[in-house]
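**Q** Give me the fold of what follows.
(one chain, ligands or ions: 2)
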Amino acid sequence: MLKIAQGAEAVLYKDHNDVIKERFSKKYRYPHLDESLRKFRTRREAKVLGRLAETNFPAPHLKNFSDERMSIVMDFIPGEKLKDVMDHTFSREIGLRVAELHTNGIIHGDLTTSNMIVHKENRALHFIDFGLSFFSEKTEDKAVDLFLLERTLESTHYELPGLFENVLQGYSENNPNGKEILDRLEEVRMRGRNKKK
Ligand SMILES: Nc1ncnc2c1ncn2[C@@H]1O[C@H](COP(=O)(O)OP(=O)(O)OP(=O)(O)O)[C@@H](O)[C@H]1O
Ligand SMILES: [Mg+2]
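**A** Ligands and ions are numbered 1, 2, ... in the order given. Prediction:
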């Protein structure tokens, strides 16, 4: 087993074509809270990956999970982190895929280019890291998901202006309620601005 990543909450190993993601305890949390949070996120990630497999969404297939060991086992997606190869050619596809998640009632909760992988073979974008995901049909939740994506594109990829406009283009093509969500996004942005003052 090869360790492939060490995040803030989890350690990831690769074993043949599997990835094992294990959520470790955070000593600074109250032990009970720590355990229930890790259980909750592990179950949630497993549940969302299971649901996505049913709809053929490009995400790792869930192979196993244990809320005792706080681990999930999923397919290894070979390729590059989008963050490392980002350019304008990917932005419409991001929008199309986020719209697909949202029309299936799934909010990702952590849409960053570190949580997307460009598949080595077909160059298709695959999404990972569903530990903060949840099920919702609310316009507000979808708008906030987009807003956080906009923020991360502006900060991580500030050298590539205009990415988010292309994301919204793809999003609108693939979400029949796009207009309502984009109007709400505008409200979320205004709130963000007022807060800064
Ligand atoms: N199924 C997978 N296939 C290939 N690489 C993966 C896979 N899952 C995760 N990785 C790699 O491991 C890294 C960390 O995984 P992930 O984003 O799920 O955890 P994290 O960011 O530490 O989690 P959290 O945000 O819950 O703390 C990813 O950025 C990616 O490089
Ligand atoms: Mg991540």
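**Q** mind checking the longest helix of the chain?
**A** In the chain, with assignment by DSSP state H, the single longest helix is helix 31-54.
**Q** for the record, mean pLDDT for that one?
**A** Averaged over helix 31-54, pLDDT sits at 97.
**Q** so the nearest residue to Thr112 once chain neighbours are set aside is in which element?
**A** Leaving aside its sequence neighbours, Thr112 sits nearest to Thr152 (C-beta to C-beta, 6 or more residues apart in numbering; 4.7 Å). C-beta coordinates here come from the backbone N, C-alpha and C atoms, glycine included. In the assignment (DSSP states H and E), Thr152 maps to helix 139-156.
**Q** How far does that helix sit from its chain's centre?
**A** With C-alpha atoms, centre = their mean, to the nearest Å as the basis, helix 139-156 stands 11 Å off its chain's centre.
**Q** Using PDB, list the CA coordinates for stretch 114-134.
**A** Provided in PDB are the C-alpha atoms of stretch 114-134 (Å, rounded to 0.1, in the frame of the first residue of the first chain):
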ATOM      1  CA  SER A 114      -8.000  19.800  -6.300                       C
ATOM      2  CA  ASN A 115     -11.200  17.700  -6.100                       C
ATOM      3  CA  MET A 116     -11.300  17.100  -9.900                       C
ATOM      4  CA  ILE A 117      -9.200  14.600 -11.900                       C
ATOM      5  CA  VAL A 118      -8.600  14.700 -15.600                       C
ATOM      6  CA  HIS A 119      -8.700  11.000 -16.600                       C
ATOM      7  CA  LYS A 120      -5.500   9.800 -18.200                       C
ATOM      8  CA  GLU A 121      -7.300   7.800 -20.900                       C
ATOM      9  CA  ASN A 122     -10.300   9.800 -22.100                       C
ATOM     10  CA  ARG A 123      -9.400  13.200 -20.500                       C
ATOM     11  CA  ALA A 124     -12.900  13.300 -19.000                       C
ATOM     12  CA  LEU A 125     -13.200  15.200 -15.700                       C
ATOM     13  CA  HIS A 126     -13.900  13.000 -12.700                       C
ATOM     14  CA  PHE A 127     -15.100  14.500  -9.400                       C
ATOM     15  CA  ILE A 128     -13.800  13.300  -6.000                       C
ATOM     16  CA  ASP A 129     -14.000  14.200  -2.300                       C
ATOM     17  CA  PHE A 130     -17.700  14.000  -1.400                       C
ATOM     18  CA  GLY A 131     -17.200  14.100   2.400                       C
ATOM     19  CA  LEU A 132     -18.900  17.500   2.600                       C
ATOM     20  CA  SER A 133     -21.700  16.700   0.200                       C
ATOM     21  CA  PHE A 134     -25.300  16.600   0.900                       C
END
